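Undergrad: Return a 3D structure for these sequence lines:
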Amino acid sequence: MKIYCSGIGGIGLSAYAALQHSLGHAVYGSDRTLSPLTDDLASQGIVISDTQDGSFIPEDTNLFVYSEAIDSTAPERMRAMELGIQQMSYFQALGELSKGYTVIAICGTHGKSTTTAMAAKALIDAGLNPTVVVGTKVPQLEGRNWRKGNSDFFILEACEYRGSFLHLHPSIVLLTNIEWDHIDAYPTEEAYKKAYADFIALLPTSGIVIGHSPEELLVTGCGKQFVNVDSLSDIRLSIPGEHMVRNAKLVVALGEHLGVSVRDPLASFTGTWRRFELKGMHESGALIIDDYAHHPTEILATIASAYEKYPDRRIVCLFQPHMHGRVIALYQDFVQAFHGTTVWLTNVYEARTEEVTEQVDIQQLAEDIGENCTYVGDLQSAEEFCCKNLQQNDVLLVIGAGDCTTLAGNLVAA
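TA: Down below sits the predicted model:
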């Protein structure tokens, strides 16, 4: 089969493309920005273009798969329609690919990628040889976000945005937590929770949900079996954070359900890309940590991890807010998320500019966070500010789901 992936540089679609290529299919793709992810795909033999006007799509393509960022009026989707090519979203295609496997789906507002990576390492080390698709790069997957296994198990990260996970066919669900997010897709908390209920309802009669106490009522209300992990004994990890222990307990319960012990593999889990990732040291002597946190609860957890690991250092947060709608809806939670740390606030990263109806007053946000917060402008200005103000004993947390990760890398190279 010949498959074309539009938006192939996305963290999910890149994994799908690589896995399909490894299965023997001819894979092509495009992205407006080439990156280390697309470079890695090219090294595997996937042909990629940074032109998205439709001219790169082979006319004999059998399947056109598009990322969430590619809307129905995009030139490549219009061209695929002209050619009569079957089109699927990334999650529709992932659902088709994983159909027939025992699908272990990891969902939840926070911690999906890390928990998926933990589950992958645990089951690989236990000899269960799963296929894996995860929304981050994982050291135990050779620094990649996918793995081709040779068993019936398929571990995948199940995203709730716009009901994406409803295209999947789960057999086992690991549910990290449910807390209102993706405001543009779910205008109310009730709508957000209903999406999870609809997903859990997809489980077969023999299916189970592994989770924590706050989610038990929702799961049992769907008529599904719930395994509560909160009574499990604590797990020894090499990475900081109580939230990491909570994630790991889900994987321990998964192992018990499958009849394997996974505590030792979890003890040697070293984390993933952009999840409290130590990038290195700035020339000032400050440590630079890159983290994907973009919701107030995630920021609180990241800061707590930093204080746990570096109790005697000044913790500085370089925060790039992600999407105006999220900041406006959760404004007071963002204001209170930084626990008296020093905060350097950048401009908002807006992932979907065409959908913005209201913009947050970033200067006011800085003022409301408090005297500990300084507005530093765009990323270039932020980098210059960091270089002038970082001190030897600092730990700089570069926090956000946008392109601030580039700044984290630049500060280590500086």
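Undergrad: which strands and helices sit next to the longest strand out of those in the chain?
TA: Across the chain, the longest stretch assigned as strand under DSSP state E is strand 131-138. Counting contacts by 3 or more Cβ pairs under 8 Å, 6 or more residues apart in numbering; DSSP states H and E, strand 131-138 packs against helix 11-22, helix 90-98, helix 112-125, strand 144-147, strand 153-157. For the C-beta atoms, the positions are set from N, CA and C on the backbone; glycine is no exception.
Undergrad: Swap in 6 Å and give it another go.
TA: Here strand 131-138 touches helix 11-22, helix 112-125, strand 144-147, strand 153-157, going by 3 or more Cβ pairs under 6 Å, 6 or more residues apart in numbering; DSSP states H and E.
Undergrad: List the neighbouring strands of that strand plus their orientation.
TA: In the sheet, strand 131-138 lines up against strand 144-147 (antiparallel), strand 153-157 (parallel) (DSSP bridges).
Undergrad: number of nearby residues for residue 259?
TA: Residue 259: 8 surrounding residues under other Cβ atoms under 10 Å.
Undergrad: Is residue 345 within a helix or a strand, and which one?
TA: strand 342-346 (DSSP states H and E).
Undergrad: Identify all contacting residues around the next helix or strand after that strand.
TA: Next along the chain after strand 342-346, taking DSSP H and E as the criterion, comes helix 362-369. Here helix 362-369 makes contact (Cβ atoms under 6 Å, 6 or more residues apart in numbering) with 335, 343, 345, 373, 375.
Undergrad: and the third one, bridged to which residues?
TA: Right, residue 345. Beta-bridge partners, per DSSP bridges, of residue 345: residue 319, residue 375.
Undergrad: could you list every residue that touches it?
TA: When contacts are taken as Cβ under 6 Å, 6+ apart, residue 345 is in contact with 319, 366, 373, 375.
Undergrad: between those residues, which is nearest residue 278?
TA: If you rank these by distance to residue 278 using Cβ to Cβ, residue 319 comes first, at 18.2 Å.
Undergrad: thinking again about what came up before, buried subset of the contacts of helix 362-369 as a ChimeraX selection?
TA: Command for ChimeraX that selects the buried part of the contacts of helix 362-369, burial taken from 16 or more other Cβ atoms under 10 Å:
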select :343,345,373,375
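Undergrad: and the contacts of helix 362-369 as a markdown table, adding distance to residue 57 and pLDDT?
TA: Below are these laid out as a markdown table (distance: Cβ to Cβ, whole Å; pLDDT from 0 to 100):
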| residue | distance to residue 57 | pLDDT |
| --- | --- | --- |
| 335 | 47 | 97 |
| 343 | 45 | 98 |
| 345 | 42 | 98 |
| 373 | 47 | 97 |
| 375 | 44 | 98 |
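Undergrad: ok, of the contacts of helix 362-369, which one's closest to residue 248?
TA: Among those, residue 343 lies closest to residue 248 (Cβ to Cβ), at 29.4 Å.
Undergrad: what's the nearest residue to that closest one if we skip its chain neighbours?
TA: Leaving aside its sequence neighbours, residue 343 sits nearest to residue 373 (Cβ to Cβ, 6 or more residues apart in numbering; 4.0 Å).
Undergrad: again, but for residue 382
TA: residue 376 (4.5 Å).
Undergrad: Contact partners for the one you found?
TA: Counted by Cβ under 6 Å, 6+ apart, residue 376 has contacts 344, 346, 382, 385.
Undergrad: Show the model's pLDDT score for the second one.
TA: It refers to residue 346. For residue 346, the pLDDT comes out at 98.
Undergrad: for the last one, same thing?
TA: Residue 385 is assigned 97 on the pLDDT scale.
Undergrad: Report the angle between the helix or strand harbouring it and strand 342-346.
TA: Using DSSP H and E, the element containing residue 385 is helix 379-389. Orientation check (axes from the mean of the first three to the mean of the last three Cα atoms, to 10 degrees): helix 379-389 against strand 342-346 gives 150 degrees.
Undergrad: okay, the longest strand of the chain in PDB with CA atoms only?
TA: Extracted C-alpha coordinates of strand 131-138, given in PDB (Å, rounded to 0.1, in the frame of the first residue of the first chain):
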ATOM      1  CA  THR A 131       4.100  -2.600  19.400                       C
ATOM      2  CA  VAL A 132       4.100   1.000  20.700                       C
ATOM      3  CA  VAL A 133       3.000   4.400  19.500                       C
ATOM      4  CA  VAL A 134       3.600   7.200  22.000                       C
ATOM      5  CA  GLY A 135       3.500  11.000  21.900                       C
ATOM      6  CA  THR A 136       7.100  11.600  22.900                       C
ATOM      7  CA  LYS A 137      10.600  10.400  22.200                       C
ATOM      8  CA  VAL A 138      11.700   7.600  24.600                       C
END
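Undergrad: now that strand and helix 90-98, what's the angle there?
TA: 130 degrees.
Undergrad: relative to helix 11-22, how tilted is strand 131-138?
TA: 130 degrees.
Undergrad: going forward can the numbers begin at 55, since that is how I track them
TA: That works, and once the first residue is 55, the last one we named lands at strand 185-192.
Undergrad: sorry, back to before: who are the packing partners of the helix holding residue 439?
TA: Going by 3+ Cβ pairs under 6 Å, 6+ apart, helix 433-443 lies up against helix 458-467.
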